[in-house]
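Enquirer: With the sequence up front, the predicted model follows.
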Amino acid sequence: MAGLGEAASVIAVLQLSGKVFNYIGTAKDSSEDRKRLREEVRACRDILRMLNEDYEDAKDTEDSDIWAATIHTLQSSNGPLSRLQSALIQVERRLSSKNTFKTTLKWPFQEKEVRKIIEAIEHEKSLLVLAQQRDGRKHLLKIQAFVQKNNAQLTEILLSVDTNSKNVETNFHGLADQVFEVQTLQQELYSGIKSLQGNGNGHKDTKLRKSALKWISSEDYAYKHTDILSKREEGTGKWFLESGEYKAWLDHSDPQRLLCTGVPGAGKTTLTSIIIDDLQMRYQNDQSVVVAYIYCDYRTRDEHNVRRMLSCLLKQLAERPDSLPGTIAKLYRDNDDGLKQLSLVDITRSLQSLAASFSRVFILIDALDECNTADRCRTVFLWEIFKLQRISNTSLLATSRNIPEVVDMFDRCQPVEIRASTHDVRTYIEGNLDTLPRFVQSNVDLQEQIKDGIAKAVDGMFLLAKLYLASLSKKRSVNAVRKTLKEVSLETKRERTGSESEAYDYAYHVTMQRIEEQGSDQAELAKEVLAWLTCSKQPMTTEMLQKALGVRDVEYELSEDDYPDIGSMVSACAGLVELVDRQDGSPIIRLVHYTTQEYFERTASKWFPEAEAMIAISCIAYLSLDEFGTEALPEFQPFPDDEWGADPFYSYAASYWGVHAHHLSPNHPRVVEFLSRPHHVGRNGLWQWDLRGGDTAHHPLATTALHLTAYFGLEEMTAKILGNVPYYNEREDKYPTEPTPLMLAVMKGHEGVVRSLLERGAKITRSSKGTALYRAVESNNEAMVRLLVPYCSGNLLEAPDHNHPTVLHVAARRSFHNIVVLLLEHGLHVDERPIKDYIKDGSPTPLYSAAIGGDLSMIKLLIERGADPNAKFINYRHLCEDDGIRRVDTPLNAAVREQRIDVVMFLLDSGARIDNKLPYVDPAMVSVCENRNYEMLKLLVEVGGFDVNRSTLRSRPLIVNAARCRWEEGLSYLFSVGANVYCHYELTFSDVASAWFRYDDERKDAKAKFARWVLENNVPVVSVVGQPSEPQRVDLNWWE
């Protein structure tokens, strides 16, 4: 929580205003004051949202610099946003009703207080409105004019609230210091204005800083951290902050790594936020210490890869408030001002460099067990952090479930067990008693029974405390509460011998029973919400879910009046869902914990058996709205623009309706109607990259109902569309650049649909996208290849055109052994070429493709099947035609360029030869010098028989290339095996020396050095015919 002395961001205050708005809405027995204050906060929230949007829109425009300065002033310590935040925090504290002994949720403000609060908010709001105008310097000057008046007013409000609220006295402790800090605002604003009136360089630096940081990483865990921290109860986690393990880690005692393990729901994430907050408070005035953190999440597990996580840490280390680190600025410029992607090598090097520049680095990783494990991601990530610890003063703290894979990585560190302490559980319950019926709030003895009963029952699992407390919210009497507590206690004793998942199963089961005991409408709403959140393929915003639930009961038009209320949705789910704010301000609604997700995935057939069909119907209903199909589609439609992308639920429905529709009857009225409307179907096709054939533009009407059902693998719907009529191939001739239904079904691996299409006469035609067989081979689907091959004529086994290799080339290059064997058995020649006249058009063999792939076993397979290791072709891509000389390429050359010594050796043993009669030195040999591959050079000379003195009128010998690469070892070797400086009639010793020192400014000194090197190493400088046959003495003055 930011105080008056800390900077407040637009986003933070925007989120706070939304929270206060909701609090005011829940207050009971209120007067007109409540409505007036709520409307004022609503207006303030809307202005903040517009301010943030205008600022984002102004980036990369001519107004970006002045906007940056304006926002900087607004967000500065003690600026307007900080004052507004402070006022809203006091309102929030009074309304959040955290006092244990309060008996009602009465409106806590007097009319006079409300009037002063509204007046203060209006003043700050007027400053924010000013900030949206164009003239930034006038903004700042006007802001300064309001400062003194606003500060005095805010002080009066805070003191007034403090005087009239004895029960929240502790919440206002320290406000005197904050008020004192307010008085420094004028001086800070004056300094800011003077800086703005300078030469503007600071604004350019700010713009560079923001662009570079965004280029490094778009992740911003600060929003998630703030959200998590705001939900904790004051005083929780204190046991850990006072523990010996934490103090030892904090004091840099060995070890520098601290692993905190705990069962699911023990409160590990909340504790992580408490630790981060503690570190930030400890070192808030020490710029030499940095705190970086990552919150892993099971919902976004695939996003937690090595590059993204290390980039996120790098961004946090580079986020210095005043300037961008020089190493990052240089890295940004070296990568074309952020146009190129940052390489993993650059990320790790920069991370190490920045970490070493701090006196202390704290890195905290929450839910390390939820990190992606594909390609050893978690292991590699930790290795990089451990490497960082060896070269810098870096301390690592991670939380995880107690799983061997994680614990073993912290081999010298004894894990600290994280459990919800009795004190923390009681504190949480005490802070949330206001959610229980009034008869509980007025009965102190019953409150103690609740705290004692739940604290004993949860066995260290914080999430259970939340669920058990929520289970009491609808009880009607004291005895009903006691009965529930007794049931919880008895069930807990039975579950003690089981796993924590069994304890959660019981809690979730009880919660679902309670949901079903609600009215039928509320129970149905809750199950629909839970079904969507369990089965959806991506996170759902509140607006997306409102549309999903609202569209089911409408025909062709949907308005906001059809949306279910968000508060009702959350309330109906009895604590199983939560709202989480995102960086862009749109709240996400999600299940409260990953154990909730796991429970419903196991029990979905019991609680919502028709979930998939229900979701499919909602998606189809939304896609069928008139607004998405009444206008005629253009003949050629580009990829959906930002206006289309502004509707996330349309994107979801278009992308996933078919995924959910596998259990939906093809005769369902919604399905029949949607698939019969070509404009709606065509618009759906625009949202599928594969349906568009991977193009940035697309013929909308080329997408038919059959395309959609084939793409999603909907066999029954496909069969219904096909009926008993022959397949209509002529449409594919009309749109030759578009993928066919058969090709889509093959690409997605839907064998049943493919079989149906083939039986109805679908042709495996060629197009600019290849063929269906080509796509099957490309995806390494052996079963699909076996299904398609009998329907292919001989020419379809070849390349679609000169831009595509044959299917055998694709399989060979990607090392699809079984498919290569299958294709050879069906008649493809082992030396198959896309174009037969390879001298004219230049086409490689599959062996060449395999050599590029570098799989020795594949190369052996092709050689055993009779592939020619010396097959040549004209390679226009790597060896361009020069002065009328057509340059050939071979599998051996490809292996040399790929630096695969094992492949080169096998090809040489199999009969591959180097052609020493070509009228040029092979560029593949030049690549050996460029890569300084000594072993490869020896192999090609001693085994391959490469002529080191080969040269022509148009190409210099290899010694010149070795000299140009300054490869001393290679040049020495070439001379030792007889390389001749005078083997070319135009070549002189000076040419070799010039090549060696071509980048040096002092050419004479450089040549002298090279000449001395020749003498010191006894390099024989041998002449050609007509020159002395004995080695020639080198005159050190020969260049003059």
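Expert: Sure thing, it's come through. Residues are numbered from 1 along each chain as shown.
Enquirer: residue ranges with poor pLDDT in the stretch 101-250 of the chain?
Expert: Scanning the stretch 101-250 of the chain for pLDDT under 70 picks out the ranges 101-108, 110-112, 126, 130-205.
Enquirer: Recalculate using a threshold of 80.
Expert: Applying pLDDT under 80 to the stretch 101-250 of the chain picks out residues 101-207, 223.
Enquirer: Would you agree residue 265 falls within a helix?
Expert: No: secondary structure of residue 265 (DSSP: H, G, I helix; E, B strand; the rest coil): coil, not part of a helix.
Enquirer: what's around residue 288, how many residues?
Expert: The local packing of residue 288 (other C-beta atoms under 10 Å) involves 11 other residues. Just so you know, the C-beta spots here come from the backbone N, C-alpha and C atoms, and that holds for glycine as well.
Enquirer: okay, now the residue lying closest to it once chain neighbours are set aside: neighbour count?
Expert: Leaving aside its chain neighbours, residue 288 sits nearest to residue 359 (4.0 Å; criterion: C-beta to C-beta, 6 or more residues apart in numbering). Residues near residue 359, counting by other C-beta under 10 Å, number 12.
Enquirer: Settle this for me: residue 750 is touching residue 713, isn't it.
Expert: Yes: with contacts counted by C-beta atoms under 8 Å, residue 750 reaches residue 713, the gap being 3.4 Å.
Enquirer: Tell me the secondary structure of residue 780, please.
Expert: coil.
Enquirer: Might one say that it is in contact with residue 817?
Expert: No: at 10.0 Å, residue 780 does not count as touching residue 817 under the criterion of C-beta under 8 Å.
Enquirer: Isn't residue 312 up against residue 221?
Expert: Yes: Residue 312 is in contact with residue 221 according to C-beta under 8 Å; the separation is 7.1 Å.
Enquirer: what do the two both touch?
Expert: residue 294 (C-beta atoms under 8 Å, 6 or more residues apart in numbering).
Enquirer: mind listing what the residue nearest the centre of the chain touches?
Expert: Centroid check for the chain by C-alpha atoms, centre = their mean gives residue 303 as the closest residue, at 4.4 Å. Residue 303 sits next to residue 372 when contact means C-beta under 8 Å, 6+ apart.
Enquirer: Could you check stretch 474-489 and say which residues are buried?
Expert: Within stretch 474-489, the residues that count as buried by 16 or more other C-beta atoms under 10 Å are 475, 481, 484-485, 488.
Enquirer: Revised request: answer the last question for stretch 662-670.
Expert: 664, 666, 668, 670.
Enquirer: The second one - that's part of a strand, no?
Expert: No: the assignment for residue 666 is coil, going by three-state DSSP, so no strand is present there.
Enquirer: where does it land on pLDDT?
Expert: We have a pLDDT of 89 for residue 666.
Enquirer: CA atoms of stretch 264-273 as PDB?
Expert: Only the C-alpha atoms of stretch 264-273 are listed here, as PDB (Å, rounded to 0.1, in the frame of the first residue of the first chain):
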ATOM      1  CA  PRO A 264      -1.500 -26.700  -1.800                       C
ATOM      2  CA  GLY A 265      -3.500 -23.800  -0.300                       C
ATOM      3  CA  ALA A 266      -1.000 -23.300   2.600                       C
ATOM      4  CA  GLY A 267      -0.700 -19.600   1.700                       C
ATOM      5  CA  LYS A 268       2.600 -19.700  -0.100                       C
ATOM      6  CA  THR A 269       1.700 -17.100  -2.700                       C
ATOM      7  CA  THR A 270       0.400 -14.700   0.000                       C
ATOM      8  CA  LEU A 271       3.500 -15.300   2.000                       C
ATOM      9  CA  THR A 272       5.700 -14.500  -1.100                       C
ATOM     10  CA  SER A 273       3.900 -11.100  -1.400                       C
END
